[in-house]
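> One predicted model, sequence on top.
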Amino acid sequence: MVMLAGSLVVARPARAQDSPRADPPSHNNAVADTAAFLAGGAAAFGMHEGGHLLFDVIFDAQPHLAPVRYGPVPFFAITPTRALSPRQLFVVASAGLWTQQISSEWLQPAHRDLRHEHAPFAKGMLAFDVLTSIGYATVAFTETGPVQRDTRGIAVGASVSERTIGVLVLAPAVLEAYRYFKPNSAWARWAIRAVEAGSFMLIIKG
């Protein structure tokens with residue numbers, strides 16, 4: 001009995017010492033999460049530009065990369081070298097924003113609580129979608145930036161004010177941000193779809 005009790009006393013500290021080594025590695029590694037977040041943003045950016053390029057190819061727009069600047073910030077634009085009809089211009093200019101709307105809908109389906117998930121890649125994609133749309137809307141309201149900007153192309157293609165396009169771009173972005181904090185908001189989800197459907201219907205006007 002004494003030997004058994006002694007062995008238990010010895011065994012307990014040994015197990016206590018071993019237990020930290022048995023814990024699984026943490027999934028909250030800040031470096032890995034940051035890399036995944038940035039990769040999600042890069043993937044969303046690739047989808048945005050890919051949307052433009054897809055319709056450039058469909059319409060045989062013969063696109064090329066053109067350097068552009070917004071103030072001191074250098075960037076590039078995929079620019080058609082062949083003249084497009086107003087409807088074609090509308091589609092090409094809208095395609096990048098359409099990819100954002102599709103991916104945001106996919107990232108935040110009904111009842112998914114993305115905010116409380118450990119999903120840095122998905123959050124990076126959503127952040128790109130929301131922030132890029134807000135940026136485009138700001139440019140549309142001020143009517144500044146390179147002539148190749150998407151909101152100007154959409155406005156010219158649909159023969160409407162660029163500020164009107166700014167509203168149609170901003171509203172879904174703000175509502176998607178709202179849904180990030182209120183994932184069960186049915187009215188916000190349907191309001192997004194209504195605005196996006198209205199934006200798409202401008203193709204008839206082109």
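Perfect, I can see it now.

> Which parts of this protein are helices?
Remark: helices assigned in the chain by DSSP state H are 2-22, 30-58, 86-107, 120-142, 150-158, 162-181, 186-201.

> For Pro72, which of those helices is the nearest?
helix 120-142 (15.3 Å; Cβ to Cβ). The way it works is simple: take the backbone N, C-alpha and C, and place the C-beta from them, glycine included.

> buried ones in that closest one?
For helix 120-142, a neighbour-count test (16 or more other Cβ atoms under 10 Å) marks 120-130, 132-133, 136-137, 139-141 as buried.

> Equivalent analysis for stretch 63-72, please.
Residues of stretch 63-72 classed as buried under the neighbour-count rule (16+ other Cβ under 10 Å) are Pro63, Val68.

> Kindly provide the whole-number mean pLDDT of it.
For stretch 63-72, mean pLDDT is 77.

> Please apply the same query to stretch 196-206.
Mean pLDDT, computed over stretch 196-206, is 81.

> Show me where the protein dips below the pLDDT cut-off.
Along the chain, the model assigns pLDDT under 70 to residues 1-28, 70-71, 205-206.

> Give me the most central residue, the protein.
In the chain, the centroid-proximal residue (Cα atoms, centre = their mean) is Asp129; its distance is 2.4 Å.

> residues near the closest residue to that residue other than its chain neighbours, how many?
Spatial nearest neighbour of Asp129, chain neighbours left out: Gln100 (4.1 Å); criterion: Cβ to Cβ, 6 or more residues apart in numbering. If you count neighbours by other Cβ atoms under 10 Å, Gln100 ends up with 26.

> No more questions from me, cheers.
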